[in-house]
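>>> sharing a model prediction with you, sequence too.
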Amino acid sequence: MKRLLKLTGLLLLAASISGFSIAGAVGEGMKLAVECKTDEAVEVLDKAQKKRGLTGALAILELEAVLRDAGRDEQADALQAKRESKQAGMTEKQKEEAEKAILETVDNIRNERKKQTGSATCP
């Protein structure tokens, strides 16, 4: 689990640096979030997070980032609690790393949106 979390964090970082070049549902969810199509992004990422393996682990973190970007903090908090309960062996440091990756993803969504539209936030 520790290795999966570290790898997921690295993938989140790589995705944000490369401009959301992750293929598949996660990449589509990020594209939709940048376009302010939050409900559609949530739907795509919610389906992806139910998958097993790296795609599911990455999608749940991305979903939390999309919810935080949209100001849906109650939903994001509930998702965070669910994620952390499934990863019972997480240390405080791992939790902090995951939260940092999520917040960096929020920043990257907003930076990309600003580049594309001139505004970091959705109307």
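Received, thanks. Numbering: from 1, shown residues only.
>>> C-alpha from now on. contacts and neighbour counts both.
Will do.
>>> what residues of the single longest helix found in the chain count as buried?
When the chain is parsed with DSSP state H, its longest helix is helix 92-117. Judged by neighbour count (16 or more other C-alpha atoms under 10 Å), helix 92-117 contains these buried residues: 98-99, 101-113.
>>> and if you look at stretch 39-52?
For stretch 39-52, using 16+ other C-alpha under 10 Å, the buried residues are 41, 42, 44, 45, 46, 48, 49.
>>> for these, which one is nearest residue 119?
When the buried residues of stretch 39-52 are ranked by distance to residue 119 (C-alpha to C-alpha), residue 41 comes first, at 18.5 Å.
>>> per-residue confidence for the residue nearest to residue 114 when sequence neighbours are not counted?
Distances taken as C-alpha to C-alpha, 6 or more residues apart in numbering put residue 120 closest to residue 114, at 4.3 Å, once the chain neighbours are dropped. What the model reports for residue 120 is a pLDDT of 96.
>>> do the same with residue 12
Residue 12 is given a pLDDT of 52.
>>> same deal with residue 9?
Residue 9 is given a pLDDT of 52.
>>> mind listing which of the buried residues of stretch 39-52 are in strands?
Among those, none falls in strands (DSSP state E).
>>> from those residues, which has minimum pLDDT?
Ranking these by pLDDT puts residue 49 at the bottom, with 84.
>>> just the element for the residue nearest to the spatial centre of the chain, please.
With distances taken as C-alpha atoms, centre = their mean, residue 62 lies nearest the centre of the chain, 1.4 Å away. In the assignment (DSSP states H and E), residue 62 maps to helix 53-69.
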